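> any chance you can model this:
(one chain, ligands or ions: 1)
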Amino acid sequence: MPRQCANECIFCFCKGNPADARPSLFIKDEDVRLSFLYGNYTTLTSITEDEMQRIIEQRLSPQYVSIHATDLTVRAYLLGVDEHRADIAPKLARLLDAGIEIHAQVVLCPGITTVRSCGKTINDLAAQYPRVTSVAIVPLGLTRYNTDARLTAVTPEFCGK
Ligand code: SF4
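Model (predicted):
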């Protein structure tokens, strides 16, 4: 079984599944081995010291990391964790300083990801290029099963901004 996350992301894909979906669709994987092997994204919110050392010592590079926002308040809100756990900056710096290549991901959520916070995220990550190799920016995906009132559907106008 892969390592699983301890986050409560408001946009979690598991909340978009029908209740009778097959159990494997509810696995909230957060496993740096799968990130290295298959490109699965992790948030690093609950990475252990052993896992961090393993990435560095065994050169498990690249790692695919869900950043979502470099603004700590926004990131903590999106992930549903406190700011201490959401603070990715020191972990990211440690991996980058050790020569681990990072591919970043940002999920855009209208009303939460503002133009300002998105711009800050892109600029902060761009400043780390080429150590941060890519930034994948994807819109929030909603199904009829995720009815969280905090979420607003993406529109073409929002994406245009
Ligand atoms: S990190 Fe992924 S699996 Fe975990 S709550 Fe967030 S979206 Fe869901």
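> report the contact partners of Gln128.
For Gln128, the contacting residues are 92, 96, 102, by CB atoms under 8 Å, 6 or more residues apart in numbering. The way it works is simple: take the backbone N, C-alpha and C, and place the C-beta from them, glycine included.
> Cys12 now?
Contact partners of Cys12, counting by CB under 8 Å, 6+ apart, are Lys28.
> gap between the helix ranked longest in the chain and the chain center?
Ranked by residue count, the top helix of the chain under DSSP state H comes out as helix 115-126. The gap between the average C-alpha position of helix 115-126 and the chain average comes to 14 Å, counting by CA atoms, centre = their mean, to the nearest Å.
> which outside residues touch it?
By CB under 8 Å, 6+ apart, the surrounding residues in contact with helix 115-126 are 67-71, 74, 104, 106, 108, 132, 135, 137, 161.
> ok, now with 7 Å
For helix 115-126, contacts defined as CB atoms under 7 Å, 6 or more residues apart in numbering pick out 67, 69-71, 74, 104, 106, 108, 132, 135, 161.
> now a PyMOL select for only the buried ones of these.
A single PyMOL command is used to select the members of these judged buried by 16 or more other CB atoms under 10 Å:
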select buried, resi 67+69+70+71+74+104+106+108+132+135
